[in-house]
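S.K.: just coords:
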């Protein structure tokens with residue numbers, strides 16, 4: 001249990017980031033990204049799919065993606081931990097990490113119904129978060145808001161903010177325009193003189209304030225300003241020309257109305273060239289922050305081009321794509337293409353630990369860490385330079401540091417380097433060789449240390465042609481089904497496994513795909529040899545039916561009901577034309593029916 005304590009102690013130096021210190025944290029994060037080798041990422045969400053809607057051992061990458069898509073669109077991230085870390089320039093046993101824990105919340109600041117009006121929460125998740133010390137007040141009141149890139153594009157068309165406008169070349173003006181420009185120029189000059197050339201006579205602050213009030217003086221932040229009403233774009237240009245001709249210390253800002261038309265021009269007085277440059281930067285930054293929010297962090301990670309390290313990547317990356325980039329594509333291939341345009345290299349630590357034989361049986365990060373601790377001498381010390389006084393310990397920070405530590409240990413064992421190179425006469429593999437492989441995750445997220453060293457390794461590749469979904473068994477257990485089915489048809493005398501997928505449906509995994517296909521054909525033709533099978537109310541379907549259920553998004557019903565509704569639409573003639581895929585089958589992974597009793 002040394003690893004959890006070490007992670008908790010290290011997490012005490014993580015920087016808690018809210019709206020109040022977001023700008024400062026982004027600047028620091030940018031500097032750390034430049035010097036780091038990798039970036040670990042972990043998310044704390046409001047829930048996860050349950051029952052057959054979660055990733056199961058029978059899922060292909062495609063069906064697992066559709067389930068991850070459901071979760072990403074249903075639940076909300078409340079914390080995202082980002083941890084740049086350095087391996088290459090430190091000693092082999094030392095890892096330098098800079099963890100940040102960003103608190104985010106989908107606040108509709110622009111009143112456009114974005115990013116979200118509602119999201120799903122699971123009471124068990126919220127209860128666990130509260131027990132782990134999650135600060136809901138901080139999240140709700142001080143959490144960083146955000147818009148995805150697509151939402152930002154829409155918002156910019158609907159929300160009009162004060163902005164700088166370039167000065168166009170002078171055109172011929174009418175007499176009315178000349179009178180307007182002359183009057184505005186005189187007004188600005190008179191107003192500016194009160195600030196650029198203050199009266200040396202001490203007439204008291206009250207008189208001075210009253211004088212400036214008469215002149216129409218206002219403030220833009222801490223700087224003096226004056227507002228000039230305009231009725232057209234032509235008048236906007238005339239005001240810009242007037243301000244430009246008077247002095248370089250004036251900055252005109254166009255203020256639009258709700259329809260986007262120019263309403264006023266706010267002329268701001270700056271005290272020096274440096275002050276003017278600072279103002280221009282502030283205007284640009286405030287405009288961007290209003291739309292982007294936390295997505296600025298995503299853009300930083302993307303532009304750094306550093307490999308992203310995470311766990312259960314399919315779930316976390318679909319969530320990040322949905323919330324901060326764009327709506328999720330309809331299939332896995334398009335998702336991976338879209339994701340690579342933002343994060344070119346993503347490493348899933350569960351893919352890395354599968355490269356070490358016994359670790360293929362690990363069901364969570366802590367189990368993998370504990371096994372490495374017992375079986376290999378790979379000491380890793382995490383050093384976290386003190387960042388500021390906003391330290392704290394949350395489960396999300398512990399998770400990201402566990403990911404960081406596990407990745408460091410696996411990199412040492414597998415000889416992985418940020419870049420292909422030779423070290424001490426040994427050949428190291430480039431990290432890119434292990435990137436962008438997302439396994440459907442059937443892991444146990446929150447269990448304690450699991451001793452799996454003596455468990456049999458039952459993991460194997462199985463074709464989807466070998467799988468049949470069976471329902472209508474009226475609550476029989478796996479053991480009862482296994483002994484009951486052979487009496488209904490001789491085909492069940494073949495070697496097969498039975499696993500429950502939810503309380504209404506089970507999966508039969510045959511050793512021979514021809515056996516499974518033969519059974520489906522006989523069921524489709526209502527063969528008399530299956531009369532006993534039918535009389536018991538049993539029904540079955542092939543993997544193509546399950547694939548279609550997931551593709552149609554029939555998530556609101558039990559699996560048996562969803563399969564029955566679709567199976568009648570899949571003609572028997574298409575059974576032999578189904579696209580065969582492989583799954584990563586592990587017969588030791590079974591559904592825990594306790595979750596149905598708790599629902």
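M.R.: Yep, it's here. Since we're looking at a predicted model, the values are computed, not measured. Numbering: from 1, shown residues only.
S.K.: right, and the helix or strand after the longest strand seen in the chain?
M.R.: Taking DSSP state E as the assignment, the strand of the chain that covers the most residues is strand 77-86. Per DSSP states H and E, the first helix or strand lying C-terminal to strand 77-86 is strand 94-97.
S.K.: How far off centre is that following strand?
M.R.: 25 Å (C-alpha atoms, centre = their mean, to the nearest Å).
S.K.: Please enumerate the strands of the stretch 151-300 of the chain.
M.R.: Assigned strands in the stretch 151-300 of the chain, in chain order: 218-220, 223-229, 250-256, 262-269 (criterion: DSSP state E, counting those that start in this stretch).
S.K.: that older thread, pairing partners for the longest strand of the chain, with directions?
M.R.: Looking at strand 77-86 with DSSP bridges, its partner strands are strand 38-45 (antiparallel), strand 94-97 (antiparallel), strand 100-103 (antiparallel).
S.K.: Lowest average confidence across the ones you listed, which one?
M.R.: Across the strands paired with strand 77-86, strand 94-97 has the smallest mean pLDDT, namely a mean of 88.
S.K.: what does that strand contact?
M.R.: Applying C-beta atoms under 8 Å, 6 or more residues apart in numbering, the contact partners of strand 94-97 are 10, 40, 83-87, 90, 380-385, 401, 404-405, 408. The way it works is simple: take the backbone N, C-alpha and C, and place the C-beta from them, glycine included.
S.K.: right, and the strands paired with strand 77-86 - which one's nearest residue 395?
M.R.: Proximity to residue 395 (C-beta to C-beta) singles out strand 38-45 among the strands paired with strand 77-86, at 6.8 Å.
S.K.: quick one: buried residues of the closest one?
M.R.: Within strand 38-45, the residues scored as buried using 16 or more other C-beta atoms under 10 Å are 38-45.
S.K.: So what's the gap between it and the chain middle?
M.R.: For strand 38-45, the distance to the chain centre is 9 Å (C-alpha atoms, centre = their mean).
S.K.: How is the chain divided into domains?
M.R.: 2-147+294-434, 175-280, 459-598 (automatic domain parsing).
S.K.: model confidence over the second one, on average?
M.R.: In this model, domain 175-280 has a mean pLDDT of 79.
S.K.: Compute the first-to-last residue distance for that domain.
M.R.: This stretch, domain 175-280, spans 33 Å end to end (C-alpha to C-alpha, to the nearest Å).
S.K.: elements contacting the longest helix along the chain?
M.R.: The residue-count maximum for a helix in the chain (DSSP state H) belongs to helix 175-196. Helices and strands touching helix 175-196, by 3 or more C-beta pairs under 8 Å, 6 or more residues apart in numbering; DSSP states H and E, are strand 223-229, helix 233-246, strand 262-269.
S.K.: one more time with 6 Å
M.R.: helix 233-246 (3 or more C-beta pairs under 6 Å, 6 or more residues apart in numbering; DSSP states H and E).
S.K.: Which positions in the helix it packs on come out as buried?
M.R.: Buried residues in helix 233-246 (16+ other C-beta under 10 Å): 235-243, 246.
S.K.: Columns distance to residue 468 on top of the strands paired with strand 77-86, output as JSON lines?
M.R.: Below are the strands paired with strand 77-86 laid out as JSON lines (distance: least, C-beta to C-beta, whole Å):
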{"stretch": "strand 38-45", "distance to residue 468": "34"}
{"stretch": "strand 94-97", "distance to residue 468": "47"}
{"stretch": "strand 100-103", "distance to residue 468": "46"}
